[in-house]
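Enquirer: here are the coordinates; sequence isn't available:
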């Protein structure tokens, strides 16, 4: 069975936590509402921007259920309910499946898993890892290509092997060469959902014909993201690229002040309180708030 995901932008949501590492449900709900108003096609909750690897185990299912409840409440005001994907990354088949089972009964459209991220495995082991998860998962599985973190690449040959599995429905990757190769393979492209996450070249990818995008920066600049993808949809790639430049400038500013604590400041400015950073991170300096405020105001986000 093939599920075709809608085109558009998919927001990797931040996870707002209190000082004890517990979820702030209303803050997450505000974030989702802002993204729905901006026209997001879907969400990834508990992805890398959502700190899945750093969130308390007892808060993961609550985070997903808060997202599903929020979308359920909003569905009467939406033309179509956005897609919801949930991160279930871990370092063994059984640990991933424990995370999947914790989501039982929730209205999730798919689960997302990277390669294991503690140790290095050969490609045949990775094929076994994803296949065994897909065989037993009650939700469709999406591959998450994140070699900068996991140190293991999901290669084109591996995708070709996994794409035939009926419960593996797509891949999220920032590898434009991989995406181009899949685009030229009709047997995969027409039956497999490819979500591109190479933020720096979203305008190039859009001109090429790629139509699904995912990034965490959408979370802190919903208005600019909305304008950018409206322009891309109309074929105005140069103007859309100018919006992209603003997003990239904000991203580079956040990195300058330590990405996760600075992202927290940006989300707080949008009315989404809480700590969106791992509990061991050092807070950004006071000047960071002033610089981020000025940048987001200039972008029209505040």
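Expert: Thanks, I have the structure now. Owing to the predicted nature of the structure, the values given are computational and were not obtained by experimental measurement. Numbers count the residues shown, from 1 in each chain.

Enquirer: hey, where'd the strands end up in the stretch 51-200 of the chain?
Expert: For the stretch 51-200 of the chain, the strands defined by DSSP state E, counting those that start in this stretch cover 83-87, 110-113, 141-144, 168-173, 193-196.

Enquirer: what pairs with the fourth one, and is each one parallel or antiparallel?
Expert: Looking back up the chat, that one is strand 168-173. Paired neighbours of strand 168-173 in the sheet (DSSP bridges): strand 141-144 (parallel), strand 193-196 (parallel).

Enquirer: likewise the first one?
Expert: Strand 83-87 sits in its sheet next to strand 42-45 (parallel), strand 110-113 (parallel), going by DSSP bridges.

Enquirer: so how far is it off the chain centroid?
Expert: 8 Å (CA atoms, centre = their mean, to the nearest Å).

Enquirer: what does the fourth one give?
Expert: Here the centre of strand 168-173 is set off from its chain's centre by 12 Å, with CA atoms, centre = their mean.

Enquirer: same check, this time on stretch 287-302
Expert: 23 Å.

Enquirer: just for the protein, where's the confidence low?
Expert: Scanning the chain for pLDDT under 70 picks out the ranges 1-2, 76.

Enquirer: which stretches of the protein form helices?
Expert: Under the criterion DSSP state H, the chain contains helices at 25-38, 57-74, 93-101, 123-136, 147-150, 156-162, 176-183, 186-189, 202-208, 222-233, 237-256, 259-269, 286-299.

Enquirer: who does the closest residue in space to residue 83 that isn't next to it in sequence bridge with?
Expert: Residue nearest to residue 83 in three dimensions, not counting chain neighbours: residue 42, with 3.1 Å by CB to CB, 6 or more residues apart in numbering. Yep, even glycine has a C-beta here, placed from its N, CA and C like the rest. With DSSP bridges as the criterion, residue 42 is bridged to residue 10, residue 83.

Enquirer: switch to numbering from 399
Expert: In the new numbering, first residue 399, that becomes residue 440.

Enquirer: hang on, residue 440 packs against residue 405?
Expert: No. Using CB atoms under 8 Å as the test, residue 440 is too far from residue 405 to be in contact (10.3 Å).

Enquirer: when these two are compared, which one has more neighbours?
Expert: The neighbour count for residue 440 versus residue 405, taken as other CB atoms under 10 Å, is higher for residue 440 (22 against 12).

Enquirer: if I look at the more buried one, how far off is residue 664?
Expert: From residue 440 across to residue 664, the span is 21 Å (CB to CB, to the nearest Å).

Enquirer: re earlier: quick one: closest of the strands of the stretch 449-598 of the chain to residue 445.
Expert: The closest of the strands of the stretch 449-598 of the chain to residue 445 is strand 481-485. By CB to CB, the value is 4.8 Å.

Enquirer: what angle separates that closest one from helix 423-436?
Expert: Calculated by axes from the mean of the first three to the mean of the last three CA atoms, to 10 degrees, strand 481-485 forms an angle of 140 degrees with helix 423-436.

Enquirer: so strand 481-485 versus helix 455-472, what angle?
Expert: Strand 481-485 and helix 455-472 are oriented at 180 degrees to each other (the same axes, to 10 degrees).

Enquirer: okay, angle between strand 481-485 and helix 491-499 too, please.
Expert: If you take the same axes, to 10 degrees, strand 481-485 sits at 140 degrees to helix 491-499.

Enquirer: residues contacting strand 481-485, please?
Expert: Residues outside strand 481-485 that contact it (CB atoms under 8 Å, 6 or more residues apart in numbering): 403-404, 408, 439-446, 448, 450, 462, 465-466, 469, 501, 505-511, 537, 540, 542.

Enquirer: now a PyMOL select for only the buried ones of those.
Expert: Entered in PyMOL, the line below selects the buried ones among the contacts of strand 481-485, by 16 or more other CB atoms under 10 Å:
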select buried, resi 403+408+439+440+441+442+443+444+445+446+448+450+462+465+466+469+501+506+507+508+509+510+511+537+540+542
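
Enquirer: from residue 496, how far off is residue 609?
Expert: Counting by CB to CB - residue 609 and residue 496 are separated by 34 Å.

Enquirer: who has more neighbours, the two?
Expert: A count of neighbours by other CB under 10 Å puts residue 609 above the other of residue 609 and residue 496, at 19 against 13.

Enquirer: how about that one: what's its closest non-neighbour residue?
Expert: residue 405 (3.7 Å).

Enquirer: repeat that for residue 460.
Expert: If the residues on either side of it in the chain are set aside, residue 460 comes closest to residue 421, at 5.3 Å by CB to CB, 6+ apart.
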